[in-house]
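Enquirer: Requesting a structural model of the entry that follows:
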Amino acid sequence: HTSSIDFCEPNYLLTEHVAEPHNAYSSLIICYFGLIGLLYSNVTNETRFKVMYTCFVFVGLGSVALHSTLTWWAQACDEVPMLWTNIAFLYNLIEMSTPKGSQKIKYLVVYAVL
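Expert: Numbers count the residues shown, from 1 in each chain. Okay, the predicted model is just below:
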């Protein structure tokens, strides 16, 4: 494997195709909750919630990829969406207390992403 991290589960114990099967399939739960959020938790149909829950789905998919392969690219697919999700969560938290129509926070988030 080429990733810089390895977890407590023995590698390739159950199958030669998936490095950490229990960590891989349990990561699908993250995708599940992201999809539940996309489908049922956005009653106002706001883009900021769609972005946040979509990022959550990508965290789960990246985690499945990492625990399945333990490669550097899968590690990046796991960690980068975590950063995106944190930015989305932070944006939503700040947006809750921002006066309606204010553009300040949107520019701040764009700057943070870049």
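
Enquirer: For W73, give its distance to V80.
Expert: Relative to V80, W73 is positioned 11 Å away (C-beta to C-beta, to the nearest Å). Every residue, glycine included, has its C-beta placed from N, CA and C.

Enquirer: again but with A74, I slipped
Expert: Distance from A74 to V80, by C-beta to C-beta: 11 Å.

Enquirer: Kindly report the same for P21.
Expert: Counting by C-beta to C-beta, the gap from P21 to V80 is 23 Å.

Enquirer: what do you get for S26?
Expert: 20 Å.

Enquirer: Can you classify the spatially most central residue of the chain by secondary structure?
Expert: Taking C-alpha atoms, centre = their mean as the criterion, V59 is the residue nearest the geometric centre of the chain, at 2.4 Å. Three-state assignment for V59 (DSSP: H, G, I helix; E, B strand; the rest coil): helix.

Enquirer: so what sits against both of A74 and V80?
Expert: Residues touching both A74 and V80 (C-beta atoms under 8 Å, 6 or more residues apart in numbering) are G62.

Enquirer: the more surrounded of these two?
Expert: A74 (22 against 14; other C-beta atoms under 10 Å).

Enquirer: Perfect, I'm done here.
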